[in-house]
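S.K.: Model the structure of this input:
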Amino acid sequence: MSDLTVAPHEHGVIRLFTLGMRPEEAKFLREPGAADQVLGVAGLVPNQIDIFPVADLEDLGLYGYLNEGCGVTEDQLNRTDLEAVDGWVMAVRSAAFGGNAAELHPDPRLHLIGLYTEEATNWSGGAIASESAKPFSAPQAASADDTPRRVGSAVLGLVILLLIGGVLWLIL
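M.R.: You can find the predicted model right below:
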């Protein structure tokens, strides 16, 4: 599989291209459907494609953009090569393909710098060994004495019965 082949349900991959074109043409690639044309693929998700001049990154640079901004590990990056890149670049994330397989046929003015994988979040964790994590370890609430509520209900019931009896006595 080449770097220009996108596997179905690919996740966490960034393809970085240099754009050998005038700034006006590069800016135009931000328009809906324009990136589809230069990559030779239809139906890309535009908000998963970043197109910008490297100069906009200032002190961060392309290395920092990939490492700190996109979560690419340092062992995948060559600082010297990335610092040598100037002009406009296009970063295409796997999510831009919407989980579909694709074969890229880029315009000759696009040159692939590299294929980088984002660091995945490790969602696994060990068992929690603390006492408070055990089932039913919370303090049990003391059972409330409901005697006052029962007495109040009985008194209220008696008052209602007396009222109904009094009304019936007046009517008859």
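
S.K.: The chain: strands as residue ranges?
M.R.: Taking DSSP state E as the criterion, the chain carries its strands at 5-6, 13-19, 49-53, 88-93, 102-103, 110-117.

S.K.: distance between the ends of stretch 64-76?
M.R.: 13 Å (C-alpha to C-alpha, to the nearest Å).

S.K.: Residues touching that stretch, excluding its own?
M.R.: 14, 16, 57, 60, 77, 82, 91, 114, 116-119 (C-beta atoms under 8 Å, 6 or more residues apart in numbering). Any C-beta I mention is one placed from the backbone N, CA and C, and that applies to glycine too.

S.K.: Whichever of those residues end up buried, select them in PyMOL.
M.R.: With 16 or more other C-beta atoms under 10 Å as the criterion, this PyMOL line picks the buried residues out of those:
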select buried, resi 14+16+77+82+91+114+116+117+118
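
S.K.: Could you list the low-pLDDT ranges of this structure?
M.R.: Low-confidence segments of the chain (pLDDT under 70): 1-2, 142-149.

S.K.: Now do the same contact list for the nearest residue to residue 18 once chain neighbours are set aside.
M.R.: Of all residues not flanking residue 18 in the chain, residue 111 sits nearest, at 4.8 Å (C-beta to C-beta, 6 or more residues apart in numbering). The contact partners of residue 111, by C-beta under 8 Å, 6+ apart, come to 17-18, 20.

S.K.: Look up how far residue 45 lies from residue 111.
M.R.: Distance of residue 111 to residue 45, computed by C-beta to C-beta, to the nearest Å: 23 Å.

S.K.: which residue ranges form the helices in this protein?
M.R.: Using DSSP state H, the helices of the chain run over 23-28, 34-39, 61-64, 79-83, 147-171.

S.K.: will you turn those into a markdown table that also has distance to residue 53?
M.R.: Output for those, formatted as a markdown table (distance: least, C-beta to C-beta, whole Å):
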| stretch | distance to residue 53 |
| --- | --- |
| helix 23-28 | 7 |
| helix 34-39 | 16 |
| helix 61-64 | 11 |
| helix 79-83 | 14 |
| helix 147-171 | 74 |
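
S.K.: So which of those helices is nearest residue 98?
M.R.: The minimum distance between residue 98 and the helices of the chain falls on helix 34-39, with 11.9 Å, by C-beta to C-beta.
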